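*Asks:* Predicted structure and sequence below. I'll ask about it afterward.
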Amino acid sequence: MENKLKLITDTFGKEKFKVDEPVSNHVESNAGGPAKLFFVAHSPREIIRIVTEARKLKVPFLVFGTGSKILISDHGFNGLVIKNRTKNITVVGVKGKVSSKGVGVEEALIEIDSGVSMSALIEFLSKQGLRSEEFLGISGTLGGNLFINSYLQSVVKHIKVLNQEVEVEEIRVNDLSLRKHIVLSAVLKLYAKRRISA
């Protein structure tokens, strides 16, 4: 195992990793022993690269965002822990109306990285004049919540995942599997707070 972990650090640069890092420092519960190797991913591309390397070398790994929905043993994790800190939110499409009151957005398609916290998403949606009330009180990141939150699932157009063959693919929310997929991003269809009447 030590040799495999050294291969990973040599490939990506030792400065990007922490060794025997307490997971408790990175999860909401403040519980969890040390990760043999700890890495923070700031982009989907980094997640793809590090997971590809871990799978190639058969190194056990775990990916999480805020850690609000996981528990790590006090004995730690004998492998690679990847903290997902991806943060891009992009408007990829809008639909609106022109009326006597002006031009207004009715709905928008928003692509959101899996590491975006729900609080950051709410802030973004509020600034864009899009409804966000349904997300209030949800902790964690988009990626983790896609597996368990029925409202969030209902507004998903498609999800970009890394599958077991380490290929990026777009899937429907009904095909999402905790055992098979690592969520990279999702496109949500969201509505304006106030719709423009004709």
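*Replies:* Received, thanks.

*Asks:* List the residues that contact the most centrally placed residue in the chain.
*Replies:* Geometric centre of the chain, nearest residue: residue 114, 1.8 Å, by Cα atoms, centre = their mean. By Cβ atoms under 8 Å, 6 or more residues apart in numbering, residue 114 lies in contact with 44, 65, 84, 86, 141, 142, 143, 146, 183, 184, 185, 186. No exception for glycine: its C-beta is placed from N, CA and C like everyone else's.

*Asks:* any idea how far residue 19 is from it?
*Replies:* Remark: distance between residue 114 and residue 19 (Cβ to Cβ, to the nearest Å) = 26 Å.

*Asks:* can you list the domains in the protein?
*Replies:* According to automatic domain parsing, the chain comprises the domains 2-84, 89-191.

*Asks:* For those, give me CSV that also has mean pLDDT.
*Replies:* Below are those laid out as CSV (pLDDT from 0 to 100):
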stretch, mean pLDDT
domain 2-84, 92
domain 89-191, 91
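
*Asks:* quick revisit: now, which of the contacts of residue 114 lie within helices?
*Replies:* 44, 142, 143 (DSSP state H).

*Asks:* Buried subset of those residues as a PyMOL selection?
*Replies:* With 16 or more other Cβ atoms under 10 Å as the criterion, this PyMOL line picks the buried residues out of those:
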select buried, resi 44+142+143
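
*Asks:* how much space between the residue nearest to the centre of the chain and residue 48?
*Replies:* Distance from residue 114 to residue 48, by Cβ to Cβ: 12 Å.

*Asks:* Over to residue 61?
*Replies:* 13 Å.

*Asks:* Between those two, tell me which one has more neighbours.
*Replies:* When neighbours are counted by other Cβ atoms under 10 Å, residue 61 and residue 48 differ, and residue 61 comes out ahead with 20 against 17.

*Asks:* Need phi/psi at that one.
*Replies:* Backbone torsions of residue 61, given as degrees, to the nearest 10, read phi -140, psi 160.

*Asks:* Would you check that it makes contact with residue 54?
*Replies:* Yes. Between residue 61 and residue 54 there is a contact at 4.3 Å, judged by Cβ atoms under 8 Å.

*Asks:* Pull up the overlap in contacts between these two.
*Replies:* Residues touching both residue 61 and residue 54 by Cβ under 8 Å, 6+ apart: 79, 80.

*Asks:* The residue lying closest to residue 140 once chain neighbours are set aside - how many residues pack around it?
*Replies:* Using Cβ to Cβ, 6 or more residues apart in numbering and skipping the chain neighbours, the partner closest in space to residue 140 is residue 68 (4.0 Å). By the criterion of other Cβ under 10 Å, residue 68 has 17 neighbours.

*Asks:* again with residue 116
*Replies:* 22.

*Asks:* ditto for residue 94
*Replies:* Neighbours of residue 94 using other Cβ under 10 Å come to 14.

*Asks:* ok, which stretches of the chain are helices?
*Replies:* So, for the chain - with DSSP H - the helices run 2-12, 44-57, 118-127, 142-145, 150-154.

*Asks:* Would you mind pulling up the elements that the fourth one packs against?
*Replies:* When contacts are defined as 3 or more Cβ pairs under 8 Å, 6 or more residues apart in numbering; DSSP states H and E, helix 142-145 packs onto helix 118-127, strand 182-191.
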